[in-house]
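Undergrad: I need the structure of the sequence given here:
(chains A and B)
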Amino acid sequence: MTARRSQNGRWLLVYAIAYLAFLYGPVVLLPLFSFNDSVFIAFPLSGFTTRWYREMAADRAMHAALMNTLTVGSIAALGSTILGLLAAKALTQGRVPGRSALLGATNLPLFIPEIVLGIALLLLVTTVGIPLSLVSVMIGHLLICLPFALAVLMARFEGFDASLEEASRDLGENSWMTFWRVTFPLVLPGIVASLLLTFIVSFDDFMIAFFLSGTDATLPVYIWGELRFPARLPRVLALGAAIVIVSALVIVLAEWLRRAGTEEPSRAA
Amino acid sequence: MSEFLELEAVTKRYDKVVAVDDVSLAIRRGEFFSLLGPSGCGKTTVLRMIGGFILPDRGRVLIDDQDVTDLPPNKRPTNTVFQSYAIFPHLNVRDNIAYGLRTERVPKTERDARVAQALAMIKLEHCAAKNAAQLSGGERQRVALARALVKRPKVLLLDEPLGALDKRLREAMQVELRQLQREVGITFVFVTHDQEEALSMSDRIAVMEKGKILQVADPKTLYEAPSSRAVASFIGTMNLFEGRVASVLGASVVVETRALGRIEAPRQEGAMLAAGNSVLVALRPESLSVSRAAQPSPSVLCRLISAAYFGDRSQMQVGVEGSATSVAVAVPSGAAVSEGLTAGETLHLSWRPDGVVLLPAH
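TA: Coordinates of the predicted model:
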């Protein structure tokens, strides 16, 4: 009985290691080859270098793409979180006719293949006459970020006692100040989680940006362009490694904030 | 007496359901007034209309001669103790109580003084820095009360504030709340579905059913002289017997009933009765008594169905010929009849003539 159990345990361990290797192996390859002193991505490794990082840091086009991505991501995150906040409040607390139909409509971008969505947006943007630029990318990203913002914020509002807002009104506060003194501090952890998540969604997106960015490439579109030049591949790996590390830090931060928000909601203000 | 808070023919409907149907009320200054009724009777809707959370479809709400019908909650001289207490979870007890004073921009020194006074009133000085999550149910209830009273409202609205507490704490809070109301002298409007709670605390009670007010009276009148069958059966236990007026003789009425035979009742003031009218004879369990020996007073034979012991009294259910439902009789503990009873035993059932109440048949 005990032997059987320990054997099961061993298989479980093997499975767990295989699972992690499969999941993170490709990610480990990125930093590994980014420090390899060769333009060829192949074993055996030929020596340590930080050349690719120096080249990356000196690449003006990359800087521009990074700035584009940060701008688009920040605005898309802020915009979708504000819209999501209003929608989540209305959908959880108000009497909204056709509630489920509305929810379905906002979640639609999650289920439409991105390439279809990209083409549709391209048609829309050109028909309306918005030039292909960061503005058109922002519009597209607002659309794909909104379902995520709504999901995070609705979860926060579901657990929100509406009588707290009534108590604030009752104690003499108007609806605007009630929002700032009661609603906002209580949903703040949700707002922060939504900002981080939607920023990552925007940061990640290639397809929509590919269709809508015109000449102002975002980082993924820039990377896609760089892949045409084999000599620049190690530099892309260095960039990829840097992105992985920054993303990991952001996720750790978000998780830490989320826990701080649930363990002691009272300190959120 | 001055009418301080008035509802004039207010009506509120939701789709097809009439939640509050043409209700008029006049509540006096400094009164402890209860709205009593089963859930869904419209009592909370009435309270929320006074507080401004629900606007009536028709009718007016006046507080201290000011028409507040269209004012939002933050512009009304009312404060509410919510059923869930609605203590702000991100603020400590002190900041919860100070919330409404900050809104009014009360200067800091005065604000601190009033908060300290409110904390002393609810005897929770040692909890000032605690968060809502660290408070017990009874403590939350007190904080909600202090937070509302520190605003010095003209009317305090309480929405079943004791419903979430266990029985002993609830009874202690009933006494405390009543005392507090006398001390501060503020008009309280109290919503409850618990008739004992309403009877023990209120100056006057409005009994509601299906969006309408059935009767407004002080607790003693409601209990001893209910105006209708619905009020009589909602408040306490009431035995009802169908009958027909046989004759009216000055101050007393003689009614012929199948269950109790000829029964004499005092004639209520203003009651329009004539021989031949259908009426209900109502008798509280404590106005009835049972005995093994025949009584000189009017009595009928009955059969014991069951007896339940309550410590200070036993409640017996007896069957009487001519009455479809069993009759409840309260027997004080120590009474000779309560020894060695067996179900099915035949007893004599008698009643106190002054305990007889006549009600309209419909």
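Undergrad: Alongside chain B, which residues does the stretch 51-200 of chain A contribute?
TA: A:161, A:163-164, A:166-174, A:177, A:181-182, A:185-186 (Cβ under 8 Å from any Cβ of the partner chain). Just so you know, the C-beta spots here come from the backbone N, C-alpha and C atoms, and that holds for glycine as well.
Undergrad: So among those residues, which ones count as buried?
TA: Using 16 or more other Cβ atoms under 10 Å in any protein chain shown as the burial test, these include A:161, A:163-164, A:166-173, A:181-182, A:185-186 as buried.
Undergrad: from those, which is closest to residue B:318?
TA: Residue B:318 lies nearest to residue A:163 out of those, by Cβ to Cβ, at 47.3 Å.
Undergrad: what about the residue positioned nearest the centre of chain B, which SS state?
TA: Residue closest to the mean C-alpha point of chain B, counted by Cα atoms, centre = their mean, is residue B:198 at 3.1 Å. Of the three states, residue B:198 takes helix under DSSP: H, G, I helix; E, B strand; the rest coil.
Undergrad: got the contact list for it?
TA: For residue B:198, the contacting residues are B:34, B:36, B:190, B:192, B:205, B:219, by Cβ atoms under 8 Å, 6 or more residues apart in numbering or on different chains.
Undergrad: Rebuild the residues you listed as JSON lines, extending it with distance to residue B:327.
TA: Output for the contacts of residue B:198, formatted as JSON lines (distance: Cβ to Cβ, whole Å):
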{"residue": "B:34", "distance to residue B:327": "29"}
{"residue": "B:36", "distance to residue B:327": "25"}
{"residue": "B:190", "distance to residue B:327": "33"}
{"residue": "B:192", "distance to residue B:327": "28"}
{"residue": "B:205", "distance to residue B:327": "26"}
{"residue": "B:219", "distance to residue B:327": "24"}
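Undergrad: Sitting in strands, which of the residues you listed do you find?
TA: Per DSSP state E, strands hold the following members of those: B:34, B:36, B:190, B:192, B:205.
Undergrad: Give me the ChimeraX select line for the contacts of residue B:198, limited to the buried ones.
TA: Filtering the contacts of residue B:198 down to the buried ones (16+ other Cβ under 10 Å) takes a single ChimeraX command:
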select /B:34,36,190,192,205,219
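Undergrad: nearest to residue A:18, of the contacts of residue B:198?
TA: So of the contacts of residue B:198, ranked by how close each gets to residue A:18 (Cβ to Cβ), first place is residue B:192, at 64.0 Å.
Undergrad: now the closest one, nearest residue through space, not along the chain?
TA: Leaving out its chain neighbours, the residue that sits closest to residue B:192 by Cβ to Cβ, 6 or more residues apart in numbering or on different chains is residue B:198, at 5.3 Å.
Undergrad: nearest to residue B:326, of the ones in strands among the contacts of residue B:198?
TA: residue B:36 (25.9 Å).
Undergrad: Can you tell me how far the closest one is from residue B:193?
TA: From residue B:36 across to residue B:193, the span is 7 Å (Cβ to Cβ, to the nearest Å).
Undergrad: what do those two both touch?
TA: residue B:43.
Undergrad: Against which helices or strands is the host helix or strand of residue B:232 packed?
TA: When secondary structure is defined using DSSP states H and E, the element that contains residue B:232 is helix B:229-234. Applying 3 or more Cβ pairs under 8 Å, 6 or more residues apart in numbering or on different chains; DSSP states H and E, we find helix B:229-234 packed against strand B:204-209, strand B:212-217, strand B:239-249, strand B:278-283, strand B:357-360.
Undergrad: Could you write out the alpha-carbon coordinates of that helix in PDB?
TA: C-alpha atoms of helix B:229-234 as PDB (Å, rounded to 0.1, in the frame of the first residue of the first chain):
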ATOM      1  CA  ARG B 229     -59.800  40.000  11.800                       C
ATOM      2  CA  ALA B 230     -56.400  40.500  10.000                       C
ATOM      3  CA  VAL B 231     -55.000  42.600  12.800                       C
ATOM      4  CA  ALA B 232     -56.400  40.300  15.400                       C
ATOM      5  CA  SER B 233     -54.800  37.200  14.000                       C
ATOM      6  CA  PHE B 234     -51.400  39.000  13.100                       C
END
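Undergrad: which residues are in contact with it?
TA: B:36-38, B:195, B:207, B:209, B:214-215, B:222, B:226, B:238, B:240, B:280, B:282, B:357, B:359-360, B:362.
Undergrad: and with 10 Å instead?
TA: B:36-38, B:41, B:193, B:195, B:205, B:207-210, B:212, B:214-215, B:217, B:222-223, B:225-226, B:228, B:238-240, B:280, B:282, B:284, B:357, B:359-362 (Cβ atoms under 10 Å, 6 or more residues apart in numbering or on different chains).
Undergrad: One more: stretch B:9-23?
TA: So stretch B:9-23 is contacted by B:7-8, B:24-25, B:35, B:40-46, B:48-50, B:54-61, B:69, B:206, B:208, B:210-213 (Cβ under 10 Å, 6+ apart).
Undergrad: and with 6 Å instead?
TA: With contact meaning Cβ atoms under 6 Å, 6 or more residues apart in numbering or on different chains, stretch B:9-23 is reached by B:7, B:24, B:42, B:45, B:46, B:56, B:57, B:58, B:59, B:211, B:212, B:213.
Undergrad: Just the terminal-to-terminal distance for that stretch.
TA: Using Cα to Cα, to the nearest Å, the span of stretch B:9-23 from its first residue to its last is 5 Å.
Undergrad: how about that stretch: buried residues?
TA: Those would be B:10, B:11, B:12, B:18, B:19, B:20, B:21, B:23, for stretch B:9-23 by 16+ other Cβ under 10 Å.
Undergrad: what number of residues lie near residue B:360?
TA: When counting by other Cβ atoms under 10 Å in any protein chain shown, one arrives at 14 neighbours for residue B:360.
Undergrad: ok, for residue B:12, nearest residue in space, not its chain neighbours?
TA: Per Cβ to Cβ, 6+ apart, closest to residue B:12 is residue B:20, 4.4 Å.
Undergrad: Return the distance of the residue nearest to residue B:192 relative to residue B:4.
TA: From residue B:198 to residue B:4 the distance is 20 Å (Cβ to Cβ).
Undergrad: can you check residue B:141 too?
TA: For residue B:141 relative to residue B:4 (Cβ to Cβ), the value is 25 Å.
Undergrad: what's the answer for residue A:47, then?
TA: 91 Å.
Undergrad: In terms of neighbours, single out the busier of the two.
TA: The neighbour count for residue A:47 versus residue B:4, taken as other Cβ under 10 Å, is higher for residue B:4 (19 against 8).
Undergrad: partner strands of the host helix or strand of that one, parallel or antiparallel?
TA: Residue B:4 is part of strand B:3-14 when elements are defined by DSSP H and E. Sheet pairing for strand B:3-14, assigned by DSSP bridges, gives strand B:17-28 (antiparallel), strand B:58-63 (antiparallel).
Undergrad: hey, where'd the helices end up in the stretch 101-250 of chain A?
TA: Taking DSSP state H, counting those that start in this stretch as the criterion, the stretch 101-250 of chain A contains helices spanning A:114-128, A:134-158, A:163-170, A:175-178, A:184-204, A:207-212, A:219-226, A:233-263.
Undergrad: any chance of those helices in TSV, with distance to residue B:232 and mean pLDDT too?
TA: Below are these laid out as TSV (distance: least, Cβ to Cβ, whole Å; pLDDT from 0 to 100):
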stretch	distance to residue B:232	mean pLDDT
helix A:114-128	68	90
helix A:134-158	44	90
helix A:163-170	35	94
helix A:175-178	45	92
helix A:184-204	47	89
helix A:207-212	71	89
helix A:219-226	77	89
helix A:233-263	52	77
